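# okay, predicted coordinates and the sequence, questions at the end:
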Amino acid sequence: MTTALLGKEVEDFKKSIDDIVEVLKNTDEKTLYVKPSESEWSAMQIVSHVIEAVDFWVADLEALLIVPGAKWGRNHEQARRLAAVEESVVAQLSKETAITSLQNLVPKVEAALAKVKEEDLAKTAPSYNPHFDGKPLSFLIDHLIVKHVVGHHGQIVRHLAKVQ
């Protein structure tokens with residue numbers, strides 16, 4: 001990944017956010033809170049997770065730019081991550097607030113990626129998640145910010161198809 005590709009990463013991220021926003025705008029608000037099954041998240045739980053996760057990973061990215069080599073990441077039991085998908089928390093998230101929060105992620109990601117220099121992309125650091133330990137900064141950007149949102153757009157569409 002080169003800094004030229006960061007422009008593509010930003011465009012892919014923006015498109016995925018736009019795609020999620022479009023789905024939300026075109027879906028009855030009550031439907032967004034319906035879970036396809038007891039073991040699956042509702043569309044709004046997925047949206048809440050996306051908002052929280054991007055905030056988390058952007059903060060981690062910015063911290064690694066300031067303190068290269070610092071331990072980064074989290075596991076699936078991290079309290080903030082779990083709280084973001086808690087049904088009682090998600091019930092308080094309106095469709096309009098979710099849309100605004102998603103749209104606000106775009107300039108946040110753009111600003112963070114603008115700070116990344118080409119030599120930063122190959123830097124590695126230990127991680128709290130053993131699967132991510134020693135991964136380069138390019139992994140955090142590509143997989144945990146961009147592809148993560150792209151994947152959740154598809155998940156939202158699949159879940160809504162099951163409940164509509």
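Perfect, I can see it now.

# contact partners for the spatially closest residue to V85 that is not a sequence neighbour?
In space, and not counting its chain neighbours, V85 is closest to Q45: 4.6 Å by Cβ to Cβ, 6 or more residues apart in numbering. C-beta here means a position set from N, CA and C on the backbone, and glycine is covered the same way. Taking Cβ atoms under 8 Å, 6 or more residues apart in numbering as the contact definition, Q45 lies against 35, 85, 87, 90.

# mind doing that once more with 10 Å?
Residues near Q45 by Cβ atoms under 10 Å, 6 or more residues apart in numbering: 32-33, 35, 84-87, 89-91, 93, 156, 159.

# and Q164, by the same measure?
27-28, 31, 34.

# which among the contacts of Q45 end up buried?
Burial by neighbour count, judged by 16 or more other Cβ atoms under 10 Å, picks out 32-33, 35, 84-85, 90, 93, 156, 159 from the contacts of Q45.

# show me where pLDDT drops low in the chain?
Low-confidence segments of the chain (pLDDT under 70): 1-5, 75-76, 78-79, 81-82.

# hmm, try it at 50
Within the chain, the stretches with pLDDT under 50 are 1-2.

# which element follows the helix or strand that contains V23 toward the C-terminus?
Using DSSP states H and E, V23 sits within helix 3-25. Scanning forward in sequence from helix 3-25 by DSSP H and E, the next helix or strand is helix 43-66.

# what are the buried residues along that next one?
For helix 43-66, by 16+ other Cβ under 10 Å, it's 43-58, 60-61, 64.

# export the contacts of Q164 as CSV, with columns for distance to K14 and neighbour count.
Listed next are the contacts of Q164 as CSV, based on distance: Cβ to Cβ, whole Å; neighbours: other Cβ atoms under 10 Å:
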residue, distance to K14, neighbour count
T27, 20, 17
D28, 26, 10
T31, 25, 14
V34, 28, 15
